[in-house]
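In: Sharing a model prediction with you, sequence too.
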Amino acid sequence: MSYVVQRLLTFPLILLGVSILVFVSIRLVPGDAITAMLGTEAGLLTPAQRASLASYFGIDQPIWSQYLRWLSGLVQGDLGISSIYGKPVLTVILERFPLTLQLSLMAMVIALGIGVPLGVLAASRNERPSDLIVRVLAMLGQSTPSFVVGVLIIYVLSVWFGFVPAMGTFTPLLTDPLASIGQLIFPAITLGFAFAASVTRIARSSMLDVLSDDYVRTARAKGVTPRSVIWRHALPNALIPVVTLSGVEFGYLLGGAVIVEQIFALPGLGRLVLDAITQRDYALVQGTVLFIAFNFLVVNLLVDLAYVALDPRIRIGGR
Amino acid sequence: MTKLLSVRDLHVGFGRDPKANEVVKGVSFDLEQGQTLGIVGESGSGKSVTALCINRLVDFGGGRITAGSINLARADGSVLDVAQADEKTLLGVRGRDVAMIFQEPMTSLNPVHTIGAQIAEAYRLSQGLTGAAADRASLDVLERVRIADAKSRLGYYPHQLSGGMRQRVMIAMALAASPRLLIADEPTTALDVTVQAQIMALLAELRAETGMSMIFITHDIGLVAGIADNIMVMQNGLAVEQNTTGAVLDHPQHDYTRHLLRAVPHFTAGAAVRSDGSRANTAEPIVRVDDLAVRFPIGKAWFAPRGAIHAVDGVSFDLMPGETLAIVGESGCGKSTTARALLGLNQRHRGTITAGAGNSSHPVQMVFQDPFASLNPRLTVEALLAEPAIANGRKRDAALRERMIFLLGRVGLPEESLTRYPHQFSGGQRQRLCIARALMLNPDVVVLDEAVSALDVSVQAKVLELLVDLQREFGLAYLFISHDMAVVERIAHRIAVMFAGQIVEMGEARAVLSAPQHSYTKRLIAAVPAIERRRQHFAVDMTQVPSLVRPPGYEPPPARWQQIGGDHLVREETAHEQN
C-alpha cells in the first residue's frame, strides 16, 4: 500500500515536467496562433488589432509568465478555454474521452482474446505446422499498417455485405450498449489486429521459456495432463511480459488512435489532438497532452498492481 | 522378491537424428521391489537421461528412445513396456507408479501456487481426492516429511521456504501417490551438507516406512554408499560396473570405478590433510583482517531502515605467505561476503583489512565459482588474460604476451589457446584460464571462492593439484572459500568455520577436522557423507539456522575464545546456542 502512495506522490512531478515540455515545444513551432485561427483573413488585420487579439489570448506575454498563469489555473482545475471550440478545455476532452476509452478497451479485449490463446497454442506446438502458421500470421499482423486493415474492413463490409458502418457519430455506452458497441466494433478490430499480433508473439516466446522451467517438469512428473500443464502451471507464470506489453499499448491507445479515427470518422481524442495542433489551439494541446500523460501514469500503476496480483513473490516478499 | 523394473539395452539419442547423437548407448539393469539402486557418474555420463526414460520425461527434453525396453511392473500386476507406451498410458504411470524428485528444489516448485495447492493436486491426480479430503491428506504428508507447523505452511508459497524445506515439499508431493518407485535425481546436490544429511535420513526412513523402491542418481559415490543396495557406475552412456554396494566399494572391477573411489576427494576426517607448510611463527602475515563487519540495511530510504542483515559480524583472521586458510560454512554464513570484502567488492561496516607485503601493486586477486559465467564469451583468451594488466594501465606488449604464455604453460594449457574463445574449452580448462588470469598481476594472495565447486569430481582433483603446485612455486597465500569439506581437507593448512556471520572455530586443518570442538563444527562434520561411515545411522536433525536480520543499533556480544592447544581457537557458546 505504501508503494502505491509513493507512486502517487511522484505523479505531480512527472506531470509538471510533461507540462513544461509541451508548453515550450508547441511555442517553438514557427507560425502564430492568430494566423492559424483566422486563416487568410489574418492578413486583413491591422497591427493594432493583431496586438489586441494577442493580448486577449495572453500570447503577448513572455513564455514563463504565460506558463505560470496557465499553471495557476491548472491547480484550480482550470485548463483554459479552447480557441477552436470556445469551451473549457476539460469539457472538450471529457466529451471525447468516453469514445476513446471504450474503443481502447474493446481493442484490448480483442487483442488479448486472440493473442493469448494463439500464442499459447503456438508455444505448445513448437515447430509443428500450427506453430508455423501462427507465426506467419503474427508477422503479417504486425507488419500490416492499420489504415490498410481499416480500409479493407470497410471495403469488405460495404461492397460484399452491403453494410455501412455508422460514421461520424457516437452513441454513449450507457445510452444504448448494443448500438454503442456496434459502432465501435470495426474500428476496434482494426486497432486490435496489429496488437493481437504482438501479443501472440510475446505470449508464445514467454510460454516457450516457461515450458522449459523446472516446475513444469515437476508437474509432468506428477502426471498432470498436458492441458493442465499449460493452463494451470505454465500460463500464470508466462503472463507477466504480456501484461507489460498490454500496459504500454493500452497507454498509447488512450492517447487516441489518429489514423483509425480518421478512417472511421470517429470523434476521438486522437483527432482532437491533431486538430488542436494544426489550428494552434495552445490551451487544448496542453490540456490533452497532460490528460494523456496522466492516463499513462495511471495505466502503469495498474500494470504494477497486476504484477502484484499475478506473482506471489512480489505480493508477499521474501522470508 | 519380485522384479519391479527391468531395463534392457536402452539407447537414447537427442536432436534431429537421435541414432547419430546417442547419449545412452545400451544400458541394462534390474530393480527388485523395495530395493534402492544408486546410479553414479559425472556430467554427461547419461545417468539422468537413463532415469528420465523410466517415466519418459525424456521426451520433453528432446530425447528419443531409439532402442531397448523398459518393463515396469504396475500396481495392478500388469507389466508395461514404458519405451513403447503411448502418452495417455504414461500419464497414468507418472506420479502413480513412478514419482520423481529433482536436483533444484529452488526452481522445481511452481512459484504462483501455494505448496498446499501443489500437494493437493498430486492427491487429486493419483487418488481423486478433492477439497477437504485433499487438504487433510496434504497436511498428513507434510507432517510425514517432518515439516514443523505443517498446517500454516500449506498456505505458503515456495519462495517463502528454504531449499531444504522445498525439497521436503517435493518429497511430500512424490509420496502423495504412494509410488512404487521413487527416482531421486541429485536431490541434495544444491543443498548444504547438514540439510543434505537431513534429506538423506528422511529418504531412508520413508523408504523403510513405505517399502517403495528407489533409484538414486548422484555424482557422489560417498553419498549413495549409505542408502543404496546396488550401485551402477556410468561413464559416457555406458554402465561400466554394476554390483551390490559392498562389492563396488570394496572390490571395484573397472578402472573408472577405482578412479572415482581413489582420485576423487572423499572426506576422511582429517586423515588426508596437507603435510607441507606448517606455520612459521616468525613470518609477517600477508593478510590481516580485524573485527570485520558487513551489514546490508533493509527497508527503503523513504523511511528509517528497519534494521540490517548482519552478513559478517566481528570476523578476524590472518593469513601467512604460502598458506591456505579455508573458510567453510553453509550458504548464508557470510563466507563469500568475507571474501568479497577482502577485495573491496562490498562496503565494510566496521573493521580493518591490511593485505600485501608492499612488493605487488595488486596483492589480492580472485577466482570465482562459475567458470562459464566469469569469462566474457566475446573475448579471446589473449584479451581475457590481458584484461587485468590493461585495467592497470599497462600496454599489451611482448612482455605481457610472454607472461601469458608462461602462465598458460603453468596451468597446463597450450600456447595456441591465446587465439581461442572460452566456449572452446571444457569447464576444468576454463577454471585454469581463470586461475591464469588471477596470476597475471603477480599477486601475493588469491581468493578462491568455491573455485572447484562447479567442476566434475575427477576434474576437481586435478585443479586442486594444480593449485597446490602453483602455491609452492609462487609462494601464494590462498583464502579458500568452500562448503565442501572433502575438498577443503585436500588443500587447507588452516580452517576457519563460519556460522551465522561469525567464525566459531579456527585452527590447523587436522585439528579442526579430526577433533572439532564447537557444536556447529561437530554437526557440520558429522553431516559429510563418507564411505567409511556408510553403515552409521543418522537421526533426522531439524536444526535451523538463526535469522541474521537485526534491529537498528544491534551489536553482537563480544566473542570469548577458548584455546585448545596450539592455535586451535573455539568460540565459547552461550547456553542458548547449545540447544
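Out: Perfect, thanks for sending it.

In: switch to C-alpha atoms for all contacts and neighbour counts from now on
Out: Will do.

In: what's near enough to touch residue 58?
Out: Let's take chain A. Contacts for A:Gly58 were tallied using CA atoms under 8 Å, 6 or more residues apart in numbering or on different chains; they are A:Gln66.

In: actually it's chain B I care about, not the one you picked
Out: When contacts are counted by CA under 8 Å, 6+ apart, B:Val58 touches B:Val49, B:Leu52, B:Arg64.

In: Of those residues, which belong to helices?
Out: The helices, defined by DSSP state H, take in B:Val49, B:Leu52 from the contacts of B:Val58.

In: between the contacts of B:Val58, which is nearest chain A?
Out: B:Leu52 (9.5 Å; CA to the nearest CA).

In: and that closest one, how many residues sit next to it?
Out: Neighbour count for B:Leu52, taken as other CA atoms under 10 Å in any protein chain shown: 20.

In: And A:Gly268, by the same measure?
Out: Neighbours around A:Gly268, by other CA under 10 Å: 26.

In: a markdown table for the contacts of B:Val58, including distance to A:Ser130 and pLDDT?
Out: Shown next, in a markdown table, are the contacts of B:Val58 (distance: CA to CA, whole Å; pLDDT from 0 to 100):
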| residue | distance to A:Ser130 | pLDDT |
| --- | --- | --- |
| B:Val49 | 29 | 91 |
| B:Leu52 | 28 | 91 |
| B:Arg64 | 22 | 89 |
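
In: Closest one to B:Ala137 out of the contacts of B:Val58, please.
Out: B:Leu52 (27.7 Å; CA to CA).

In: dump the residue contacts of the closest residue in space to A:Ser146 that isn't next to it in sequence.
Out: With sequence-adjacent residues excluded and distances taken as CA to CA, 6 or more residues apart in numbering or on different chains, A:Ser146 is closest to A:Thr190, at 6.2 Å. Taking CA under 8 Å, 6+ apart as the criterion, A:Thr190 is in contact with A:Ser146, A:Val149, A:Gly150, A:Ile153, A:Val260.

In: got the phi/psi numbers for the second one?
Out: Geometry field for A:Val149 lists phi and psi as phi -60, psi -40, criterion degrees, to the nearest 10.

In: Can you tell me the closest non-neighbouring residue to A:Phe97?
Out: In space, A:Phe97 is closest to A:Leu269, 6.2 Å off (CA to CA, 6+ apart).

In: Max pairwise distance over the contacts of A:Thr190: which two?
Out: Taking CA to CA, no two of the contacts of A:Thr190 sit farther apart than A:Ile153 and A:Val260, at 11.5 Å.

In: Looking at those two, which one has more neighbours?
Out: Per other CA under 10 Å, whichever of A:Ile153 and A:Val260 has more neighbours is A:Val260, with 23 against 16.

In: Low-confidence regions, the chain specifically.
Out: Here I'm looking at chain A. A:1-3, A:30-33, A:36-39, A:42, A:164-169, A:316-319 (pLDDT under 70).

In: Oops, wrong one, chain B.
Out: B:1, B:277-282, B:299-306, B:357-361, B:532-546, B:574-579.

In: Residue numbers of it in contact with chain A?
Out: B:55, B:57, B:90-96, B:99-102, B:104, B:107-112, B:122, B:125, B:157, B:159-161, B:174 (CA under 8 Å from any CA of the partner chain).

In: Strands - which of those residues land there?
Out: B:Ala99, B:Met100, B:Ile101 (DSSP state E).

In: could you dump these to CSV with neighbour count?
Out: Converted to CSV, those look like this (neighbours: other CA atoms under 10 Å in any protein chain shown):
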residue, neighbour count
B:Ala99, 28
B:Met100, 28
B:Ile101, 25
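
In: Double-check A:Asp214 against B:Thr107; I have them as touching.
Out: Yes - A:Asp214 is within contact range of B:Thr107, at 5.7 Å (criterion: CA atoms under 8 Å).

In: Quick check: the residue of the stretch 351-500 of chain B nearest chain A.
Out: B:Ala500 (16.4 Å).

In: B:Ser331 sits in which helix or strand?
Out: Secondary structure from DSSP states H and E places B:Ser331 outside every helix and strand.

In: check contacts around the closest residue to it other than its chain neighbours.
Out: Using CA to CA, 6+ apart and skipping residues adjacent in sequence, the residue nearest B:Ser331 is B:Asp192, 6.7 Å away. Listed by CA under 8 Å, 6+ apart, the contact set of B:Asp192 reads B:Glu330, B:Ser331, B:His483.
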